[in-house]
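1. When you get a sec, could you give me coordinates for this:
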Amino acid sequence: MVKKFHKLRIVLSIALTVCLALSLFGCYYYEEVPNSDNESSNTSQTQDSSQNGQSTDGTSDGSSSKGTTNSSAVVGTTRPGNSSTPSGAKNLSLVEKGKANCTIVIAANASAKVKAAAEDLQTYIGKITGATPAIGFDNKDRSSGNYILVGPSKYTQKIGIKTPKGYPGTEKIILKRKDNYLALLGNDDGAYTGTQFAVTAFLEELGCGWFGPDELWQVVPKLNSISVGSLDKTVTPKFNSRINNVYNNYKDFAMRWYLGGNQLMTGHGLPALVPKTTFNTHPEWFSLINGKRTNTTTWWQYCYSNEEFAKEIGRKVIEYFDKNPHAVSYPITANDGWETDWCECSECSKYPTDGDLMLTFANRVAKVVAKKYPNRTLHILSYHSTYHIPQLNTEAEPNVEIMFCREASMTSPIKNGYYKPGRNSITHNTYVRSWKDNFRGYISKTGVKNISVWEWYCLAVEYEVWKDIPWVQGKVAIENQNYWKSQGADYVFYDQGPLPVYRESGVSFPLRWPLWYVAAKGMWDSSLTGDQILSQACDKLFGNAGPAMLKYYQALATASAECKGDSICWVPPAPGEMYTSAQIKKIDATVSAAEKIKPKISSDQRKRLENQVNYWKSAKVYF
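-> Below is the predicted model of the structure:
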């Protein structure tokens, strides 16, 4: 009876421990609740998936979310041999023949961001191999055994890794193997999610890929073993802010595309600070038109020369930054519209152009804001009636930012300097120089130090037919990014879907991933070309058909780059102007070559391939 009671106590104790672990950590496998910092143990635990119930069943048709079946993967440069014991001369074994051979280690006081990244890594190793390594803490002795160090801990310090810190500041991720440790960490300060990005980068090295929210467009390989050779990789993003409508509407998924960075707002932000109803108390802050102050015109504007209005905007922006400590910029650009409905008062009329007026207004607001937030920027647009190089010799304040909207061909590479001289009926501007020359001239004339770019990718807004037609920029997208970066641009805002008003939603990912993903990945990793980004994606999505599908996307991108059709801003050329008979012939040839490989690829790879070529075949009725 005593023995039975003792066994019951053991069972109840185990059950209570499991319940406590689940309540603290959800359905993830942790070694135990973290001990106090001064407690240590000479043991570390790993657990096979068959013991913990956290694994994937491992069934696979050979691709897609099920992945491509391989026996093993070695991340980094392979070293001679493979070992489950610490050795600087051999590969570091993490999973061996379906058995977890490592522990994921986080700090005992790890942040929520680090815990989430560790749990994500644990989940995906389980999906990939069927084995789930435990998550443990750095308050135990981790000298012997194999470890993945996620986030900063005593052990990342031990192996000499300095944790990136500061927001806004150096956004960076580190993937480094040293002896029996693999470290995955990054800057998690403020809005940054560096440790999660480091985990995603490691999973990509294993063969994972995310190209849409649907399971079909997410690739998880099937492996029996995972090991790490020589690995020492650091990534600092090309652009410090990478926010678009994928980030706004699919935030968790957007993490796989490395979207995020510095938090900021784009667009027309003044009405949020001084709404139209303010007219009742301060009519002098609004446009004077035909001798009367008004806020009822179609493209209503403010009286931007009014110094009290500028001071009020400054005070409101300070309040915004007080409430949004991660925000690094606020848009104080003019309300949307063209050259009409601007103020006609004597002070506003002194300025030769709307651009000159807005730069003076921005400088006045910036001086107010700089008293409390000297390192936060206020941005205005080079756009429509404020597009051209200012005529006055006004220097931009240190905290003024100019966002240059690309009033140029949607398809021609920036480096070509193409433009159509004369007046444009869409922008109402008369062009005497290329966008490239206007961009450089504006920067030179004003001395502005804070530069950003607005790029339109919403091609179905004006012509609905484009919502069903492929458009790929490929290498041109990255070449444009690199040009902007060389001129001092801090970030690019891509005005794109998924957004209902743009006739693009979540179901648009299969059609638009070659456009959206390439731009997103290029904003993150400055070492990659457009062709490299597409090539890596094609290999994951289409297996043996990857090289053939790469040629298909390259043919689409060539048709875009060589397009002679008229386009500007968000208004694309007619489909038949981009896809001429000569281009169609070339693209059809790549499609035929890819379709011949269908019998040699998995079921899910075929589904993806057929999805992509069917978009092309269906679109041809519009050419």
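2. List the contacts of the residue nearest to the spatial centre of the chain.
-> Taking C-alpha atoms, centre = their mean, the centroid of the chain lies closest to residue 259, which sits 2.1 Å from it. Residues near residue 259 by C-beta atoms under 8 Å, 6 or more residues apart in numbering: 242, 243, 244, 246, 247, 520. Every C-beta, even on glycine, is put in place using the N, C-alpha and C of the backbone.
3. measure residue 430 to residue 604 for me?
-> Going from residue 430 to residue 604 by C-beta to C-beta, to the nearest Å gives 53 Å.
4. So between those two, which is more surrounded?
-> residue 604 (24 against 10; other C-beta atoms under 10 Å).
5. so the more buried one is in which element?
-> helix 603-619 (DSSP states H and E).
6. Show me what the mean pLDDT comes to for that helix.
-> Model confidence over helix 603-619, given as mean pLDDT, is 98.
7. With only the CA atoms kept, save that helix in CSV.
-> The C-alpha trace of helix 603-619 is given here as CSV (Å, rounded to 0.1, in the frame of the first residue of the first chain):
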residue,chain,number,x,y,z
SER,A,603,3.0,16.9,-56.1
ASP,A,604,3.2,20.2,-54.3
GLN,A,605,6.0,21.5,-56.5
ARG,A,606,3.8,20.7,-59.6
LYS,A,607,0.8,22.5,-58.0
ARG,A,608,3.0,25.6,-57.6
LEU,A,609,4.4,25.4,-61.1
GLU,A,610,1.0,24.9,-62.6
ASN,A,611,-0.4,27.8,-60.6
GLN,A,612,2.3,30.2,-61.9
VAL,A,613,2.1,29.2,-65.6
ASN,A,614,-1.7,29.3,-65.5
TYR,A,615,-1.5,32.9,-64.4
TRP,A,616,0.5,33.5,-67.5
LYS,A,617,-1.7,31.5,-69.9
SER,A,618,-4.8,33.2,-68.5
ALA,A,619,-3.3,36.7,-68.8
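8. What ranges does the stretch 151-300 of the chain have for its helices?
-> 154-158, 194-205, 245-249, 251-254, 270-273 (DSSP state H, counting those that start in this stretch).
9. name the helices or strands packed onto the last one?
-> Here helix 270-273 touches helix 307-323, going by 3 or more C-beta pairs under 8 Å, 6 or more residues apart in numbering; DSSP states H and E.
10. Can you list the low-confidence ranges for the stretch 51-200 of the chain?
-> Applying pLDDT under 70 to the stretch 51-200 of the chain picks out residues 51-70, 78-89.
11. change it to 80
-> Where the stretch 51-200 of the chain drops to pLDDT under 80, the residues are 51-71, 77-89.
12. quick one, strands of it?
-> 72-75, 82-83, 91-96, 99-100, 103-106, 135-137, 147-150, 173-178, 181-186 (DSSP state E, counting those that start in this stretch).
13. Between those, which one is closest to residue 456.
-> Taking C-beta to C-beta, strand 173-178 is the member of the strands of the stretch 51-200 of the chain nearest to residue 456, at 29.9 Å.
14. thinking in terms of the whole chain, how far from its middle is the closest one?
-> Its chain's average C-alpha position is 21 Å from that of strand 173-178, according to C-alpha atoms, centre = their mean, to the nearest Å.
15. With stretch 613-621 instead?
-> Worked out by C-alpha atoms, centre = their mean, stretch 613-621 lies 29 Å from the chain centre.
16. what bits of this structure have low per-residue confidence?
-> 1-27, 32-71, 77-89.
17. 50 instead?
-> 1-24, 36-68, 82-88 (pLDDT under 50).
18. ok but residue 465 is inside a helix, no?
-> Yes. Using DSSP: H, G, I helix; E, B strand; the rest coil, the assignment for residue 465 is a helix.
19. Please verify my assumption that it contacts residue 575.
-> Yes. Using C-beta atoms under 8 Å, residue 465 is in contact with residue 575, at 6.4 Å.
20. Between the two, which is the more surrounded one?
-> Set side by side, residue 465 and residue 575 show more neighbours around residue 575, with 20 against 15, by other C-beta under 10 Å.
21. Please convert the helices of the stretch 151-300 of the chain to TSV, extending it with mean neighbour count and distance to residue 457.
-> TSV is the format used below for the helices of the stretch 151-300 of the chain (neighbours: other C-beta atoms under 10 Å; distance: least, C-beta to C-beta, whole Å):
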stretch	mean neighbour count	distance to residue 457
helix 154-158	17	39
helix 194-205	24	23
helix 245-249	19	9
helix 251-254	14	15
helix 270-273	16	25
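22. which stretch among the ones you listed comes nearest residue 526?
-> Here helix 194-205 is closest among those (C-beta to C-beta), at 14.1 Å.
23. helices or strands up against the closest one?
-> Helix 194-205 packs on helix 112-129, strand 147-150, strand 173-178, strand 181-186, strand 232-235, going by 3+ C-beta pairs under 8 Å, 6+ apart.
24. Go ahead and name everything in contact with it.
-> Counting by C-beta under 8 Å, 6+ apart, 75-76, 113-114, 116-118, 120-121, 124, 150-151, 164, 171-175, 182, 184-188, 233, 235, 255-256, 258 sit against helix 194-205.
25. Only alpha carbons, please: show that helix as PDB.
-> In PDB, the C-alpha atoms belonging to helix 194-205 read as follows (Å, rounded to 0.1, in the frame of the first residue of the first chain):
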ATOM      1  CA  GLY A 194      16.800  40.600 -34.400                       C
ATOM      2  CA  THR A 195      16.800  37.300 -32.600                       C
ATOM      3  CA  GLN A 196      13.700  36.100 -34.500                       C
ATOM      4  CA  PHE A 197      15.400  37.200 -37.700                       C
ATOM      5  CA  ALA A 198      18.500  35.200 -36.800                       C
ATOM      6  CA  VAL A 199      16.300  32.100 -36.300                       C
ATOM      7  CA  THR A 200      14.600  32.600 -39.600                       C
ATOM      8  CA  ALA A 201      17.900  33.000 -41.300                       C
ATOM      9  CA  PHE A 202      19.100  29.700 -39.900                       C
ATOM     10  CA  LEU A 203      15.900  28.000 -40.900                       C
ATOM     11  CA  GLU A 204      16.400  29.300 -44.400                       C
ATOM     12  CA  GLU A 205      19.900  27.900 -44.400                       C
END
